[in-house]
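J.: My questions concern the predicted model and sequence given below.
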Amino acid sequence: MSAAKLRADGATALFSVLEQGQSLRQSFAYLQAQHNEKDKAWLQEMVYGVLRNLPQLQYWLRQLLHKPLKSKQKIVEHLLLLGIYQLAFSRVSTHAAVAETVGACDKLKCNGLKGLVNACLRNFIRQDLNAHRSEDPRIASGMPKWLYRRLKDNYPQNLPALLVAMNTRPPIWLRVNQQQVSLDDFCDALSEQHIQFDTNIADAPQAVILRKGYDLTTLPGYSQGWFSAQDGAAQLAAGLLSAQPKERILDACAAPGGKTCHILELQPELDECLALDLDAERLHRVAENLERLKLNAELLQGDAAEPETWWDGRSFDRILLDAPCSATGVIRRHPDIRWLRKDSDIEQLVQTQAQLLESLWPLLKAGGTLLYATCSILEQENRMQILRFLRDHQDAKLSPVHPQDTPEQPGMQILPGDREMDGFYYARLIKC
Ligand SMILES: C[S@@+](CC[C@H](N)C(=O)[O-])C[C@H]1O[C@@H](n2cnc3c(N)ncnc32)[C@H](O)[C@@H]1O
């Protein structure tokens, strides 16, 4: 594929996220189907780079482009962001960055703007704008204003380190399916293919970390269900839930099934594992994962906030509520999230989470365990949510998951980068 067409696709992906509110996953699914592995990796690197540095790139663009482009020409602004990103942050030669970005105008059917693109990029070089970055810490953070403000409020002490971690590329975590292969045999198979990895990770005994990107389907044992891709923080859930033989388990927000599968890998002798999700399409992905990993669960499409529409009245020994959330803990992995979420989403999510907790609590047996999880790092969705629940439910008691987990400061907040993990929150509740 030509370099100019790749840049045009990069601009299209940015346009779909930033102007149309589509997730990068959606827009890449369409665009990347036409690319080979090398082009896919290049496209991802460039688009992720722009999304991580957007405020700084826009700060420069405002100096170069005196009038914003409108309607059909708007996509050229996104092409320019990509071009500026290459000049400022990548090792592509300046000649190639300028020539190929200008060339992409044809592919975007905006030939008339070639001169403008050429002039903007050449001015960027001539004025040495790369040496003149904004001094505003928010712009340097790469975060939208609303999120920067919330992070600053929540983490006044360690904000700089947190922001660095949120903009750092994560490693690839795998979870070995101990029902199909031992960790040692899987590691031997990786070594035979000269793949570098780390293992023996505290609290995540089935985890393997890869230091380089791979097409996972080419790793040993993929089709035999030897492993899944799952961040280390997400791998803590099944251990914290600690399902026992003959128990009835509800995974209330299960799709795409990463944690459902892990629960079954750790405890194959359950009476029942019910994987519920509101989204029928996402539930298909649970079915696919179960099939590849050779595991079994009951799948049900339903609203966890309305158990009266699907519950058979038999209570559960354990419930995992991996609640819909802001996903602010996984921004390093999905840099589009910061631009897709809005400040007002947070209050809405907090209400949804509270409603889910409220609706699911009566489904738990006396003595049963509910594990509340989010991949958020915002207090409102985590500690404050659980504090309120404990205050309002006399029959709920905190079961600490680590020494600093107390009724006054309930749960465990993992921040992005802690032990190389994503940001995650866990709180374990017991019904008295
Ligand atoms: C964080 S994801 C779950 C990830 C999953 N536990 C895993 O480990 O693969 C949240 C899920 O909640 C589902 N969801 C959102 N609202 C729901 C509701 N009211 N009832 C059931 N599922 C819901 C979403 O469709 C989404 O699949």
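T.: Arrived safely.

J.: only C-alpha atoms for contact and neighbour calcs from this point on.
T.: OK.

J.: Minimum distance to the ligand, which residue of the stretch 51-200 of the chain gives it?
T.: Evaluated by Cα to the nearest ligand atom, the stretch 51-200 of the chain has Arg175 as its residue closest to the ligand, separated by 12.3 Å.

J.: Tell me the secondary structure of that residue, please.
T.: strand (DSSP: H, G, I helix; E, B strand; the rest coil).

J.: so how many other residues sit close to it?
T.: 23 (other Cα atoms under 10 Å).

J.: How about Ser23?
T.: Ser23: 19 surrounding residues under other Cα under 10 Å.

J.: Spatially nearest residue to it (excluding sequence neighbours)?
T.: In space, Ser23 comes closest to Val17 once its chain neighbours are excluded; the distance is 5.8 Å by Cα to Cα, 6 or more residues apart in numbering.

J.: The helix or strand where the one you found lies: how far from the chain's middle?
T.: Val17 is part of helix 3-18, with elements assigned from DSSP states H and E. Relative to the chain's own centre, helix 3-18 is displaced by 21 Å; criterion: Cα atoms, centre = their mean, to the nearest Å.

J.: Give me the angle between the helix or strand following that helix and helix 3-18.
T.: Following helix 3-18 in sequence order, the next helix or strand is helix 24-31 (DSSP H and E). Helix 24-31 runs at 150 degrees relative to helix 3-18, counting by axes from the mean of the first three to the mean of the last three Cα atoms, to 10 degrees.

J.: Show residues contacting helix 24-31.
T.: Applying Cα atoms under 8 Å, 6 or more residues apart in numbering, the external contacts of helix 24-31 come out as Asp9, Ala13, Ser16, Val17, Asp336.

J.: ok, stretch 328-347 near the ligand or not?
T.: No. Stretch 328-347 is not in contact with the ligand by Cα under 6 Å from any ligand atom; minimum separation 10.6 Å.

J.: Only the C-alpha atoms, please, for that stretch, written as CSV.
T.: Provided in CSV are the C-alpha atoms of stretch 328-347 (Å, rounded to 0.1, in the frame of the first residue of the first chain):
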residue,chain,number,x,y,z
THR,A,328,-9.9,5.7,32.5
GLY,A,329,-7.6,3.0,33.8
VAL,A,330,-7.1,1.5,30.3
ILE,A,331,-6.4,4.8,28.5
ARG,A,332,-2.8,3.8,27.9
ARG,A,333,-4.1,0.8,25.9
HIS,A,334,-7.0,2.7,24.2
PRO,A,335,-5.9,6.3,23.7
ASP,A,336,-9.2,7.1,21.9
ILE,A,337,-11.2,6.7,25.2
ARG,A,338,-10.1,10.1,26.5
TRP,A,339,-11.6,11.8,23.5
LEU,A,340,-14.8,9.7,23.3
ARG,A,341,-15.9,10.2,26.9
LYS,A,342,-17.4,13.4,28.2
ASP,A,343,-17.4,14.9,31.7
SER,A,344,-21.2,14.4,31.9
ASP,A,345,-20.7,10.6,31.2
ILE,A,346,-19.2,10.2,34.7
GLU,A,347,-22.3,11.1,36.7
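
J.: Flag every residue of the stretch 151-300 of the chain that's near the ligand.
T.: Counting by Cα under 6 Å from any ligand atom, the stretch 151-300 of the chain comes close to the ligand at Ala252, Cys253, Ala254, Ala255, Pro256, Gly257, Gly258, Lys259, Leu276, Asp277, Leu278, Asp279.

J.: ok, now with 5 Å
T.: Contacts of the stretch 151-300 of the chain with the ligand, taken as Cα under 5 Å from any ligand atom, map to Cys253, Ala254, Ala255, Pro256, Gly257, Gly258, Lys259, Asp277, Leu278, Asp279.

J.: export these to JSON lines and tack on pLDDT, distance to Ala396 and neighbour count?
T.: Below are those laid out as JSON lines (pLDDT from 0 to 100; distance: Cα to Cα, whole Å; neighbours: other Cα atoms under 10 Å):
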{"residue": "Cys253", "pLDDT": "98", "distance to Ala396": "21", "neighbour count": "25"}
{"residue": "Ala254", "pLDDT": "98", "distance to Ala396": "23", "neighbour count": "27"}
{"residue": "Ala255", "pLDDT": "98", "distance to Ala396": "26", "neighbour count": "25"}
{"residue": "Pro256", "pLDDT": "98", "distance to Ala396": "29", "neighbour count": "21"}
{"residue": "Gly257", "pLDDT": "98", "distance to Ala396": "27", "neighbour count": "23"}
{"residue": "Gly258", "pLDDT": "98", "distance to Ala396": "27", "neighbour count": "22"}
{"residue": "Lys259", "pLDDT": "98", "distance to Ala396": "24", "neighbour count": "23"}
{"residue": "Asp277", "pLDDT": "98", "distance to Ala396": "25", "neighbour count": "23"}
{"residue": "Leu278", "pLDDT": "98", "distance to Ala396": "26", "neighbour count": "17"}
{"residue": "Asp279", "pLDDT": "98", "distance to Ala396": "29", "neighbour count": "16"}
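
J.: so of those residues, which ones are in helices?
T.: When these are checked against helices (DSSP state H), the matches are Gly258, Lys259.

J.: Tell me which stretches of the stretch 151-300 of the chain form strands.
T.: Along the stretch 151-300 of the chain, the stretches classed as strands by DSSP state E, counting those that start in this stretch are 172-176, 197-198, 207-210, 227-229, 248-251, 272-277, 298-301.

J.: For the ones you listed, give me JSON lines that also has distance to Ser141.
T.: Output for those, formatted as JSON lines (distance: least, Cα to Cα, whole Å):
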{"stretch": "strand 172-176", "distance to Ser141": "24"}
{"stretch": "strand 197-198", "distance to Ser141": "30"}
{"stretch": "strand 207-210", "distance to Ser141": "27"}
{"stretch": "strand 227-229", "distance to Ser141": "28"}
{"stretch": "strand 248-251", "distance to Ser141": "36"}
{"stretch": "strand 272-277", "distance to Ser141": "35"}
{"stretch": "strand 298-301", "distance to Ser141": "40"}
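
J.: Arg282 contacts Gly258, correct?
T.: No. Applying Cα atoms under 8 Å as the test, Arg282 and Gly258 come out as separate, 11.8 Å apart.

J.: Identify each buried residue in the helix or strand of the chain with the lowest mean pLDDT, please.
T.: Every helix and strand of the chain was ranked by mean pLDDT, DSSP states H and E. The lowest is helix 24-31, at a mean of 85. Under the neighbour-count criterion of 16 or more other Cα atoms under 10 Å, helix 24-31 has Leu24, Ser27, Phe28, Leu31 buried.

J.: how far is that helix from where the chain is centred?
T.: Distance, stretch centre to chain centre, for helix 24-31: 15 Å (Cα atoms, centre = their mean).

J.: what's the angle from the helix or strand just after that helix to helix 3-18?
T.: Next in sequence after helix 24-31, counting helices and strands by DSSP H and E, comes helix 37-52. Here helix 37-52 runs at an angle of 40 degrees relative to helix 3-18 (the same axes, to 10 degrees).
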